[in-house]
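In: Show me how the following folds:
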Amino acid sequence: MSARFSPARFGAVLLKEFIQMRRDRITFGMMIGLPIIQLLLFGFAINTDPRHLPTLVEVNDQGPLVRALVAGMETSGYFDFIGTVEGPEAGEEALRRGTANFVIVVPDDFERDVLRGQRPTLLIAADASDPSAVSGAAAALSGIVSGAIAQSLTGPLAQPSAAPPFETVVHRVYNPEGRTSTNIVPGLLAIILSMTMVMITAVAIVKERERGTMEMLISTPVRPLEVMAGKILPYVLVGYVQTAVFLAAAFALFRVPFEGSWLAFFSGFNLFVLGNLALGFLISTLSRNQMQAMQLSFFTILPSVLLSGFMFPFAGMPGWAQAIGSAVPATHFIRLIRKVMLKGAGLADINAEQLALGLIVLIITVLAMLRYRQTLD
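Out: Sure thing, here's the model as predicted:
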């Protein structure tokens with residue numbers, strides 16, 4: 001055998017690889033198509049300056065100044081007024097359930113006190129469990145409010161050099177210090193579970209198919225649902241171990257609070273883990289080899305990171321991106337875990353998230369069983 005580098009042998013190997021790549025059209029299409037899809041999807045969807053944040057208002061005083069104030073805030077594009085609330089309890093409940101990012105509280109006799117020069121306080125309660133979602137709007141509030149009421153004031157109050165006629169106080173709830181770790185660490189659990197559960201299940205099952213052990217299992221009387229349950233349930237224990245280690249580190253290193261119900265937490269956790277394992281099983285039925293399984297796993301993991309509200313505010317995405325993100329299990333689990341850990345939620349407060357997770361798990365399970373039956377033919 002010649003020790004020299006042979007251009008002829010090199011060319012033969014190179015040609016063989018191109019021929020093999022041409023024959024494996026699925027892998028080649030994924031290598032070209034998936035990056036383009038991800039570029040178009042995430043390039044348009046990601047927005048670090050969210051606008052049109054859902055806002056409620058508690059109006060205890062009516063008048064042209066208050067109407068100008070509300071209209072100016074809505075015109076700014078940061079706030080979308082979706083309704084009114086009666087009393088502080090209703091506003092706090094809206095923030096806790098996540099139906100609103102802001103609650104504007106206009107106190108009694110607000111306009112009268114402004115005209116008398118008593119500088120009343122305009123309270124703005126903000127859900128700071130996601131600091132990046134409200135920081136831009138909160139920082140712009142002073143300029144928005146001043147510009148909104150400038151044309152409504154007359155006399156000395158309208159002078160440019162005059163002090164603001166009222167005080168604006170932003171009360172950040174659920175994360176008053178604005179600590180990033182308080183928001184990121186709970187959501188990180190969803191991302192870690194998504195990465196490990198989906199990829200481990202998909203690659204492990206495809207590996208069995210490549211080794212031929214899956215054919216032996218197919219030849220037995222085991223039904224598809226039994227195969228699916230037997231394959232994914234052992235990894236549920238892995239998810240529990242990962243979660244226990246993760247929570248211990250979150251409490252000890254990052255001082256992340258846990259204000260809610262453990263029952264609510266593990267109720268959503270079980271649904272989320274089962275959904276990701278079922279997704280991994282579905283990917284294994286779509287993949288011919290381990291490389292395809294890993295590529296499809298990464299393709300499903302990226303929306304969990306970028307479209308779920310983990311890294312970028314969900315409210316800042318366009319409507320079509322929010323629709324796609326709503327089909328991602330991590331989106332609902334991140335909302336659930338932040339409600340439980342940061343807002344003190346119980347079982348009754350996470351019904352919407354559990355319903356969404358249950359529906360997604362059901363759809364993925366049905367698709368996986370249908371695909372598994374097809375691979376038997």
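In: now the strands: where do they sit in the stretch 51-200 of the chain?
Out: Remark: strands assigned in the stretch 51-200 of the chain by DSSP state E, counting those that start in this stretch are 53-59, 79-84, 102-106, 121-127, 167-173.
In: Compare those and give me the one nearest residue 235.
Out: Nearest to residue 235, of all those, is strand 121-127, at 34.1 Å by CB to CB. All C-beta atoms are positioned from the backbone trio N, CA, C, and that covers glycine.
In: Touching that closest one from outside, list them.
Out: 69, 91-92, 95, 98, 100-107, 110, 133-134, 137-138, 141, 145, 166-174 (CB atoms under 8 Å, 6 or more residues apart in numbering).
In: Name the residues of that strand that come out as buried.
Out: Using 16 or more other CB atoms under 10 Å as the burial criterion, the residues of strand 121-127 that qualify are 122, 123, 124, 125, 126, 127.
In: For the fourth one, which non-adjacent residue is spatially closest?
Out: On the basis of CB to CB, 6 or more residues apart in numbering, the spatially nearest residue to residue 125 that is not a chain neighbour turns out to be residue 103, at 4.4 Å.
In: Including distance to residue 257 and pLDDT, could the buried residues of strand 121-127 go into CSV?
Out: Output for the buried residues of strand 121-127, formatted as CSV (distance: CB to CB, whole Å; pLDDT from 0 to 100):
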residue, distance to residue 257, pLDDT
122, 29, 86
123, 24, 88
124, 23, 88
125, 19, 90
126, 18, 90
127, 15, 90
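In: quick check, nearest of these to residue 83?
Out: Distances from residue 83 to the buried residues of strand 121-127, taken by CB to CB, are shortest for residue 125, at 14.9 Å.
In: Against residue 198, how distant is that closest one?
Out: As judged by CB to CB, to the nearest Å, residue 125 and residue 198 stand 38 Å apart.
In: One more: residue 271?
Out: Distance from residue 271 to residue 198, counting by CB to CB: 15 Å.
In: Would you agree residue 310 falls within a strand?
Out: No: assignment of residue 310 by DSSP: H, G, I helix; E, B strand; the rest coil gives coil, placing it outside any strand.
In: how about the nearest residue to residue 259 once chain neighbours are set aside, what does it touch?
Out: The shortest distance from residue 259 to any non-neighbouring residue, by CB to CB, 6+ apart, is to residue 344 (3.7 Å). Residues near residue 344 by CB under 8 Å, 6+ apart: 96, 259, 260.
In: any idea which of the residues you listed is closest to residue 277?
Out: residue 260 (24.8 Å).
In: What is the burial count for residue 222?
Out: 11 (other CB atoms under 10 Å).
In: Let me see the contact set for it.
Out: Contact analysis of residue 222 by CB under 8 Å, 6+ apart lists residue 230.
In: Tell me how far it lies from residue 372.
Out: According to CB to CB, residue 222 stands 11 Å off from residue 372.
In: Could you do residue 289 as well?
Out: Using CB to CB, residue 289 is found at 17 Å from residue 372.
In: same thing with residue 350?
Out: In terms of CB to CB, residue 350 sits 31 Å off from residue 372.
In: who does the longest helix along the chain touch, helix- and strand-wise?
Out: Counting by DSSP state H, the longest helix found in the chain is helix 180-211. Using 3 or more CB pairs under 8 Å, 6 or more residues apart in numbering; DSSP states H and E as the contact test, the elements touching helix 180-211 are helix 131-139, helix 213-218, helix 224-253, helix 262-286, helix 290-306, helix 329-343.
In: Pick the one among the buried residues of strand 121-127 closest to residue 334.
Out: Among these, residue 127 lies closest to residue 334 (CB to CB), at 14.1 Å.
In: what is that closest one paired to in the beta sheet?
Out: Applying DSSP bridges to residue 127 yields these beta-bridge partners: residue 173.
In: picking up where we left off before, may I see the buried residues of the longest helix of the chain?
Out: For helix 180-211, burial by neighbour count (16+ other CB under 10 Å) applies to 182-191, 193-206, 208-209.
In: can I get the CA coordinates of stretch 195-202 in PDB?
Out: Taking Å, rounded to 0.1, in the frame of the first residue of the first chain, the C-alpha atoms of stretch 195-202 are listed here in PDB:
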ATOM      1  CA  MET A 195     -33.400  19.100  25.100                       C
ATOM      2  CA  THR A 196     -32.700  16.000  27.000                       C
ATOM      3  CA  MET A 197     -36.100  14.200  26.800                       C
ATOM      4  CA  VAL A 198     -36.700  14.800  23.100                       C
ATOM      5  CA  MET A 199     -33.200  14.000  21.900                       C
ATOM      6  CA  ILE A 200     -32.500  11.000  24.200                       C
ATOM      7  CA  THR A 201     -35.700   9.300  23.200                       C
ATOM      8  CA  ALA A 202     -35.400   9.900  19.500                       C
END
